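*Asks:* Have a look; sequence and predicted model below, questions after that.
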Amino acid sequence: MALTLWRRWTTHGGDALLKLGCCYFPEHWPEEMWANDARRMREMGLSLVRIGEFAWSRIEPNPGQFDWGWLDRAIDTLADAGMDVMLCTPTATPPKCLVDQMPDMVAIDEKGRPRSFGSRRHYCFSHQGYRAQSRRITCAVAERYGEHPAIVAWQTDNEYGCHDTVLSFSEAAAVAFREWCKTRYGTIEALNTAWGNVFWSMEYRSFDEIDPPHLTVTEANPSHWLDYRRFASDEVVSFNAEQVAILREHSPGRDVTHNFMGFFTEFDHYDVGADLDVATWDSYPLGFLEQFWFSDEEKRAYFRQGHPDIAAFHHDLYRGCSDGRWGIIEQQPGPVNWARFNPAPLDGMVALWTLEAMAHGAEFVSYFRWRQAPFAQEQMHAGLLRPDSADAPAADEARLVRDVIGQIGEQTHTQAKVALVFSYEAAWVCGIQPQGQSFRYLELVYEWYSALRRRGLDVDIVSAGVALDGYSAVFIPTLPIVPDGFAEKLGALTCPVLIGPRSGSKSASLTIPDNLAPGALEDLLDLKVTRVESLRNNISYIGNGFSVSRWLEEVLTEQAPEFAINDGRGVVFVNGNLRYCAVWPDRSLLDLLVERIAGKVGLDLLTLPEGIRIRRSASHLFAFNYSAHAVDVSGFGLGEPVVGSAQMAPAATSIWTIA
Ligand code: GAL
């Protein structure tokens, strides 16, 4: 079989035909079923299959004794049917013998309890013995299959951090953290000063005295927590990098990826992404709607669809984590098993989610999983097939998408006009020191993102490290710690920039800067934040057309505010092309700000009907109806769509050709 390498493209040009795929577990099924499964995958329009991520106990049934026969035959069977294979390293599920050999390899949770064997992800990223095992098994699979013509890509491990597993408070982690601190600070005096350890007599005499910040009587020092989070993130990065290096050595020319999760900020995905060719993520819109902060009203309105920005937010976020190359490796095909409630998607949603990924530039969308397993933890999780092998409803939707891809062909994507700056460190700072329990970083960023998407704008979510000068407008929901060089970069921009509350309010070690907030941005904004307060969500102050709750800053400045609340307190201040928003803006204030900013630079805004979202490639405009009722979008004035209709049924996708 010829080696098919995916086309490389970036947000700045290039093209790709969306591939469809599925996650398959040959080890779960009798070998006699494999060939028919592979044939049916092809018939459904799938050409990519991910395998192997949890198969360690079958690959190495006894320490040092490998059984490759079944995996050789599984890969060959899939390849013979014309499937490209993404093979995974199986390190998310260390087998029992390893845990028995090295009982201290398991992670320790914040309450000091070991994460026992019997599910998955029970290892500690810092355990050197487990690191050696991870390299050994990665080497073994990479040597065996690295040059196999059917292997087009590798996935490292599976969902780093799933089930709350980034932070470990083990002895191995404590030892590694002390070394990390030594490298960062050089002397213990420097660390004591940076953290402010004179407070409560927390001073250390040597790095050896430092422990992880858990099990303290009341909260540990926030500076200690921030460094522990940075350290834990670096441990994930280096664990991944070790596997990537081995895979690159033994499997040249293949893409390496890792599957990221939704609404997950426990490690810096930009740092992990820097070592990958392609970022992938696992898209479960209904589970995410149920598990996260959405209001009861939103949970009711979208329970079979997911909130209209959930999937798009992650597409745009992860596109920025790996130089523009990304895909979905696990797409929800029906009810999942792990949320508080697990409804079935509305008919059409699986196709809609898949085409929306295409509209945002995905290289592939793969469904989790091929067939629902009748046993073990995920027996209630739907697949493309039912446990009895009959088609589940999602199978027909995959076929439909196959046909649409055939019809509209390769899609080219270019940089969006609007950038939204996302920072994992900002998420950690807000989590460690929220100061008001509803100051949630992800929710703040998501609200800003939604405000842009409701008006029909395409958005790139980017790290603070990238060049911002190609954008027409830049939005920074908050950046408490301003990275070195960032203020200069902002100062050089001529486009409108909206900077959110708490930006510049902390030093790199999570202390208040000498000049107070906005710290490093003070000269650019010409104001000083002299006091902050957090408010209950149901206490609000009214302004002209908006209200303010959750977060309110007192600002000292000579400038007249652009927006104020009724008692005269300014909430938004403009300095040249830069705006500072000193509150948690509600949707109305965000709308006003988006209108002002778009107006300045001539960005066309639409007012999309409730539940409708759009996205453009270079050749097509895609519209998605997330609402549970029909919506007429003929007002877009685009004429007849090439796919679907301007009278959009619930969960419908319509696609227009654009010049
Ligand atoms: C993901 C995970 C898969 C499977 C899936 C179920 O988090 O990577 O292995 O558990 O969820 O929805």
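*Replies:* Looks like it came in fine. Numbering: from 1, shown residues only.

*Asks:* residue contacts, the nearest residue to Glu363 once chain neighbours are set aside?
*Replies:* The shortest distance from Glu363 to any non-neighbouring residue, by CB to CB, 6 or more residues apart in numbering, is to Gly327 (4.6 Å). Using the backbone N, CA and C atoms, a C-beta is placed for each residue, glycine as well. Contacts for Gly327 (CB atoms under 8 Å, 6 or more residues apart in numbering) come out as 19, 257, 278-280, 357, 362-366.

*Asks:* Repeat the analysis, applying 6 Å as the threshold.
*Replies:* Going by CB atoms under 6 Å, 6 or more residues apart in numbering, Gly327 touches 280, 362-364.

*Asks:* Run a quick neighbour tally on the closest residue to the ligand within the stretch 501-650 of the chain.
*Replies:* For the stretch 501-650 of the chain, the residue closest to the ligand is Tyr626, as judged by CB to the nearest ligand atom, at 20.7 Å. Look at Tyr626: counted by other CB atoms under 10 Å, it has 28 neighbours.

*Asks:* any idea how the protein splits into domains?
*Replies:* Domain assignment for the chain by automatic domain parsing gives 2-10+20-170+225-408, 418-601, 612-657.

*Asks:* pLDDT of the second one, averaged?
*Replies:* Predicted confidence along domain 418-601 averages 97 (mean pLDDT).

*Asks:* so the residue of the stretch 501-650 of the chain closest to the ligand touches Asp309, yeah?
*Replies:* No: contact criterion CB atoms under 6 Å: Tyr626 and Asp309 do not qualify, at 8.9 Å.

*Asks:* Could you name every residue contacting both of those two?
*Replies:* With contacts defined as CB under 6 Å, 6+ apart, no residue is adjacent to both Tyr626 and Asp309.

*Asks:* Kindly list the longest helix within the chain.
*Replies:* The longest helix of the chain (DSSP state H) is helix 222-250.

*Asks:* Remind me what the helix or strand just after that helix packs against, helices and strands.
*Replies:* Tracing the chain past helix 222-250, the next element assigned as helix or strand by DSSP states H and E is strand 255-260. Packing contacts for strand 255-260, counted by 3 or more CB pairs under 6 Å, 6 or more residues apart in numbering; DSSP states H and E, involve strand 151-155, strand 278-283.

*Asks:* Where does the prediction get shaky in this structure?
*Replies:* Scanning the chain for pLDDT under 70 picks out the ranges 1-16.

*Asks:* what's the neighbour count on the residue in the stretch 201-350 of the chain that the ligand sits nearest to?
*Replies:* Proximity to the ligand, evaluated over the stretch 201-350 of the chain using CB to the nearest ligand atom, is greatest for Val336 at 4.6 Å. As a burial measure, Val336 scores 19 neighbours (other CB under 10 Å).

*Asks:* Which of the helices or strands spans the closest residue to it other than its chain neighbours?
*Replies:* Spatial nearest neighbour of Val336, chain neighbours left out: Gly287 (4.8 Å); criterion: CB to CB, 6+ apart. Secondary-structure assignment from DSSP H and E places Gly287 in helix 285-291.

*Asks:* What are the buried residues along the strand ranked longest in the chain?
*Replies:* Looking across the chain with DSSP state E, the single longest strand is strand 546-556. Buried residues in strand 546-556, counted by 16 or more other CB atoms under 10 Å: 546-553, 555.

*Asks:* Contact residues of the chain facing the ligand?
*Replies:* Within the chain, the positions near the ligand by CB under 6 Å from any ligand atom are 158-159, 162, 282, 284, 330, 336, 338, 368, 378, 381.

*Asks:* Include distance to Ile481 when you put those residues into JSON lines, please.
*Replies:* Below are these laid out as JSON lines (distance: CB to CB, whole Å):
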{"residue": "Asn158", "distance to Ile481": "31"}
{"residue": "Glu159", "distance to Ile481": "27"}
{"residue": "Cys162", "distance to Ile481": "27"}
{"residue": "Asp282", "distance to Ile481": "29"}
{"residue": "Tyr284", "distance to Ile481": "31"}
{"residue": "Glu330", "distance to Ile481": "32"}
{"residue": "Val336", "distance to Ile481": "35"}
{"residue": "Trp338", "distance to Ile481": "33"}
{"residue": "Phe368", "distance to Ile481": "36"}
{"residue": "Glu378", "distance to Ile481": "39"}
{"residue": "His381", "distance to Ile481": "39"}
